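**Student:** model this:
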Amino acid sequence: MVAGLIATYVHEIIVTVIIAVGGSVLMYPFKLIRREFADAKAALEAVHEELVQQRQNCLTTIQNNGVEQNKLLTKAVDVLEAMHLDQRELLGKLDK
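**Tutor:** Next up, the predicted model:
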């Protein structure tokens with residue numbers, strides 16, 4: 001009885017197997033493309049995170065160096081003012 005039932009539906013079983021295998025073969029490129037797209041997107045997100053981190057590090061460094069540069073410029077201006085005053089005194093003594 002089971003053999004007779006299977007023999008009755010052999011055509012449908014074969015068609016179902018062919019459709020399943022054909023569908024898998026047709027879907028493989030789409031699955032591959034989807035996987036590659038996901039990998040590329042993940043790589044792009046990693047690059048984005050690294051660039052954001054580098055930008056933050058750069059801005060922090062520039063900000064810290066800016067404070068230090070202001071201190072050094074203030075010292076340089078003080079030295080130049082002192083030199084100017086010394087030069088004025090020297091010229092005043094030479095004129096007399």
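
**Student:** hey, where'd the helices end up in the chain?
**Tutor:** 2-8, 10-95 (DSSP state H).

**Student:** comparing these, which gets the lowest mean pLDDT score?
**Tutor:** The minimum mean pLDDT among those belongs to helix 2-8 (a mean of 74).

**Student:** got the contact list for it?
**Tutor:** Ile13 (C-beta atoms under 8 Å, 6 or more residues apart in numbering). C-beta: built from backbone N, CA, C; applies to glycine.

**Student:** just the CA trace of it, in CSV.
**Tutor:** Presented in CSV, the C-alpha positions along helix 2-8 are these (Å, rounded to 0.1, in the frame of the first residue of the first chain):
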residue,chain,number,x,y,z
VAL,A,2,2.8,2.4,0.9
ALA,A,3,4.6,1.5,-2.3
GLY,A,4,1.5,2.1,-4.3
LEU,A,5,1.0,5.5,-2.6
ILE,A,6,4.6,6.5,-3.3
ALA,A,7,4.3,5.4,-6.9
THR,A,8,1.2,7.6,-7.3
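
**Student:** for stretch 70-81, C-alpha coordinates in CSV please.
**Tutor:** Only the C-alpha atoms of stretch 70-81 are listed here, as CSV (Å, rounded to 0.1, in the frame of the first residue of the first chain):
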residue,chain,number,x,y,z
ASN,A,70,49.5,80.5,24.1
LYS,A,71,51.8,80.2,27.1
LEU,A,72,54.9,80.2,24.8
LEU,A,73,53.6,83.2,22.8
THR,A,74,53.0,85.1,26.0
LYS,A,75,56.6,84.4,27.1
ALA,A,76,57.9,85.5,23.7
VAL,A,77,56.0,88.7,23.8
ASP,A,78,57.3,89.4,27.3
VAL,A,79,60.8,88.9,26.1
LEU,A,80,60.3,91.1,23.1
GLU,A,81,58.9,93.9,25.3
